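Q: Have a look; sequence and predicted model below, questions after that.
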Amino acid sequence: MEEFLIQFLPKSLTDKHNLIGNIKINDFNEKFKSNLSIWKEKDYKKQWIEAIKMIIDGHSKSYLITDLRDPRNEVITFCWAMYLFQDKVKIQNNIILKENLNKKFDLNNIYDFVPDYKNTTEDGSPISEWLLDIKSLEKFYEKYKMIY
């Protein structure tokens with residue numbers, strides 16, 4: 001059975017500035033660290049629900065931000081980009097770098113910066129991605145939309 005989960009781990013505050021979370025996509029499971037200098041825990045969770053709802057509603061792409069940094073820094077955010085292909089979602093781990101943006105990163109329009117889908121790097125190497133049935137995202141959304 002396919003499964004999707006993104007969450008912060010209980011008592012995961014590593015210091016005053018970071019939380020530890022994890023993302024589960026079927027059999028894949030990975031921890032991440034979220035910086036709390038710009039967004040707080042509730043902001044990340046709200047964005048995750050919003051991003052998942054966009055995919056469920058038929059948007060071709062969205063992303064789950066797991067670590068938002070000061071937009072003046074070189075690395076702006078670590079995220080999981082989601083791309084809708086009919087009833088399947090391809091998910092890729094991604095880093096948004098300031099140097100790759102064609103305009104200034106704007107927290108009020110964060111979805112303007114979701115990268116377009118590609119499955120190979122510039123040198124032709126395959127990009128790791130995970131395939132998920134959209135029903136798994138719908139199930140997560142229904143369970144967590146009021147909690148997050």
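A: Okay, I see it. Residues are numbered from 1 along each chain as shown.

Q: The most centrally placed residue in the chain: helix or strand, and which one exactly?
A: For the chain, the residue whose C-alpha lies nearest the mean C-alpha position (C-alpha atoms, centre = their mean) is Leu64; its distance is 1.7 Å. Assessed by DSSP states H and E, Leu64 sits inside strand 61-68.

Q: what packs against that strand?
A: strand 18-25, strand 28-35, helix 41-56, strand 75-85 (3 or more C-beta pairs under 8 Å, 6 or more residues apart in numbering; DSSP states H and E). Bear in mind the C-beta positions are built from the backbone N, C-alpha and C, glycine included.

Q: can you do 7 Å?
A: strand 28-35, helix 41-56, strand 75-85 (3 or more C-beta pairs under 7 Å, 6 or more residues apart in numbering; DSSP states H and E).

Q: what angle do it and strand 18-25 make?
A: 150 degrees (axes from the mean of the first three to the mean of the last three C-alpha atoms, to 10 degrees).

Q: still on that earlier bit, pretty sure the residue nearest to the centre of the chain contacts Phe78?
A: No: checked against C-beta atoms under 7 Å, the pair Leu64 and Phe78 is beyond contact range at 9.9 Å.

Q: nearest residue to Lys24 other than its sequence neighbours?
A: Leu5 (4.2 Å; C-beta to C-beta, 6 or more residues apart in numbering).

Q: Give me the pLDDT for that neighbour.
A: pLDDT, Leu5: 97.

Q: State the phi and psi torsions of the residue in the chain sticking out farthest from the centre.
A: Largest separation from the mean C-alpha position in the chain: Asp123, at 24.5 Å (C-alpha atoms, centre = their mean). The phi/psi pair for Asp123 (degrees, to the nearest 10) reads phi -90, psi 10.

Q: Quick check: it vs Val114, distance?
A: 23 Å (C-beta to C-beta, to the nearest Å).

Q: Also Asp15?
A: 30 Å.

Q: quick one, which of the two is more surrounded?
A: Higher neighbour count among Asp15 and Val114: Val114, with 20 against 7, using other C-beta atoms under 10 Å.

Q: I appreciate the help and will end here.
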